[in-house]
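J.: kindly return the folded structure for what I paste below:
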Amino acid sequence: MLQNDLLLRTLRGEQTERTPVWMMRQAGRYLPEYMALREKYGFFERCQTPALAAEITIQPVDIVGVDAAILFSDILVVPQAMGMEVQLIESKGPFLPEPIKTQNDFQRLRIPEVEDKLGYVFDAIKLIKQELNDRVPLIGFAGAPWTLLCYMVQGKGSKTFDEAKAFCYQKPELAHQLLQMITDTTIAYLKGQVKAGVDTVQIFDSWGGLLSKEDFETISLPYINQIVNALKEETLVIVFAKGSWYSLKEMASTGAHGLGIDWTITPQMARKFAGDNVVLQGNFDPAKLLSPIPVIKKEVKAMLKNFGGQSHVANLGHGILPNVPVDHAKAFVDTVKEESYKLKSEVVG
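T.: Presented below is the predicted three-dimensional model:
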């Protein structure tokens, strides 16, 4: 039995003694312990070696005190498993030298046997669960099909992903064929993560906000919906579509247990859009962690008050930045723990 199951109880809609807190990209470059491993091992070596992935996953639990661990991996392991070459160039980001452009390019793609191609992830999960020893839950994850299509078509990171968008507008049949292949792979991949032991999963649609509401609900949401429907009876599911606040009502209709929001929407407005039957997660601006600690504490208190003390998982509105001092990250976590306990005590009476 988990010693700290605050996150899971909150996602189930249960009352808890305080708000759970974790941070997207919490296992990463702001931690000196992670940087020491990065000096020795390449990115995919870190992902594909269960012992390294386990060590990195658990670091923020020990150092910062978060209420959940999230698997150290990358969303691009899925295109890699589907047959694409993926390079992670330090300081530059992902590079896929042979992106998908035409029907002929689909000959290089397949829906893989996930146990064969992604078994190292499942091995890492089993090891992490063993080493966590039931201290906190473990979160698994995958990229949303639209966000993975962006990289598979554009071939690299972009602020606009205009080539990926043009592919969807000019070749919609191919785009939906690709989105379905990614979706089928992702469902099998996440089911494998659940089987290996994760306690909940998050779907990251990092580039959902590049689409209009109509396009998001045509290109992205139907595939997220398929994934949520395939997983929600087996595990708790969180959907984070950055910037897609305009479709919170529709995302809540998928039956996801939690919806992540960024800092561009107020908690009150997000609750109005999403309704009362889903947990909201977020929404501290990661850049605010660069503020002096007294300011961080003040801003965290305001965030907690705005979420109202219920049906909330405290998190950042996107990944933690690499230049955030560790004591600032810890101040965020500690303040959530201290102040949400006080706030919930006041709410209860």
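J.: and the strand or helix carrying residue 338, what does it pack onto?
T.: Residue 338 is located in helix 326-348, with elements delineated by DSSP states H and E. Contacting helix 326-348 under the criterion 3 or more C-beta pairs under 8 Å, 6 or more residues apart in numbering; DSSP states H and E are the following elements: helix 293-307, strand 312-316. Just so you know, the C-beta spots here come from the backbone N, C-alpha and C atoms, and that holds for glycine as well.
J.: can you list contacts of it?
T.: With C-beta atoms under 8 Å, 6 or more residues apart in numbering as the test, helix 326-348 has contacts from 16-19, 21, 23, 26, 30-32, 63-66, 284, 289-291, 293, 296-297, 300-301, 304-305, 308-310, 314, 316, 320.
J.: try 7 Å
T.: Helix 326-348 has contacts (C-beta atoms under 7 Å, 6 or more residues apart in numbering) with 17-19, 21, 23, 30-31, 63-66, 284, 289, 293, 296-297, 300-301, 304-305, 309-310, 314, 320.
J.: filter those down to the buried ones and express that as a PyMOL selection.
T.: Selecting only the buried entries of the contacts of helix 326-348 in PyMOL, with 16 or more other C-beta atoms under 10 Å as the criterion:
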select buried, resi 18+19+21+23+30+31+63+64+66+284+289+293+296+297+300+301+304+309+310+314+320
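J.: now do the strands in the stretch 51-200 of the chain.
T.: 69-70, 87-89, 93-95, 138-143, 200-205 (DSSP state E, counting those that start in this stretch).
J.: any idea which of those gets closest to residue 273?
T.: Of all the strands of the stretch 51-200 of the chain, strand 200-205 sits nearest to residue 273, with 16.3 Å by C-beta to C-beta.
J.: so what strands line up beside that closest one?
T.: Strand partners for strand 200-205, identified by DSSP bridges, are recorded as strand 138-143 (parallel), strand 236-241 (parallel).
J.: in the host helix or strand of residue 272, what's buried?
T.: Assigned by DSSP H and E, residue 272 belongs to helix 267-274. The neighbour-count check on helix 267-274 (16+ other C-beta under 10 Å) flags 267, 270, 271, 273, 274 as buried.
J.: average pLDDT across it?
T.: Helix 267-274 carries an average pLDDT of 98.
J.: after it, next one along is what?
T.: Downstream of helix 267-274 (by DSSP H and E), the next one is strand 279-284.
J.: tell me which other helices or strands that following strand touches.
T.: Applying 3 or more C-beta pairs under 7 Å, 6 or more residues apart in numbering; DSSP states H and E, we find strand 279-284 packed against strand 258-260, helix 267-274, helix 293-307, strand 312-316.
J.: of these, which is nearest residue 46?
T.: strand 312-316 (21.9 Å).
J.: which helices and strands sit right next to the closest one?
T.: Looks like strand 312-316 contacts strand 279-284 (3+ C-beta pairs under 7 Å, 6+ apart).
J.: partners of the strand it packs on, with directions?
T.: Partners of strand 279-284 in the sheet, by DSSP bridges, are strand 258-260 (parallel), strand 312-316 (parallel).
J.: dump these to JSON lines, plus distance to residue 163 and mean pLDDT.
T.: Formatted as JSON lines, the strands paired with strand 279-284 follow (distance: least, C-beta to C-beta, whole Å; pLDDT from 0 to 100):
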{"stretch": "strand 258-260", "distance to residue 163": "26", "mean pLDDT": "98"}
{"stretch": "strand 312-316", "distance to residue 163": "29", "mean pLDDT": "98"}
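J.: tell me which of these sits most buried.
T.: strand 312-316 (a mean of 27; mean count of other C-beta atoms under 10 Å).
J.: okay, angle between that strand and helix 326-348 too, please.
T.: Computed by axes from the mean of the first three to the mean of the last three C-alpha atoms, to 10 degrees, the angle separating strand 312-316 from helix 326-348 equals 160 degrees.
J.: which SSE is the residue nearest to residue 254 when sequence neighbours are not counted in?
T.: Of all residues not flanking residue 254 in the chain, residue 228 sits nearest, at 4.3 Å (C-beta to C-beta, 6 or more residues apart in numbering). Using DSSP H and E, residue 228 sits in helix 221-231.
J.: which strands or helices does that helix pack on?
T.: helix 172-196, strand 200-205, strand 236-241.
J.: check which helix or strand covers the closest residue to residue 59 other than its chain neighbours.
T.: Excluding the flanking residues, the one nearest residue 59 by C-beta to C-beta, 6+ apart is residue 33, at 5.2 Å. Per DSSP H and E: residue 33 is located in helix 32-40.
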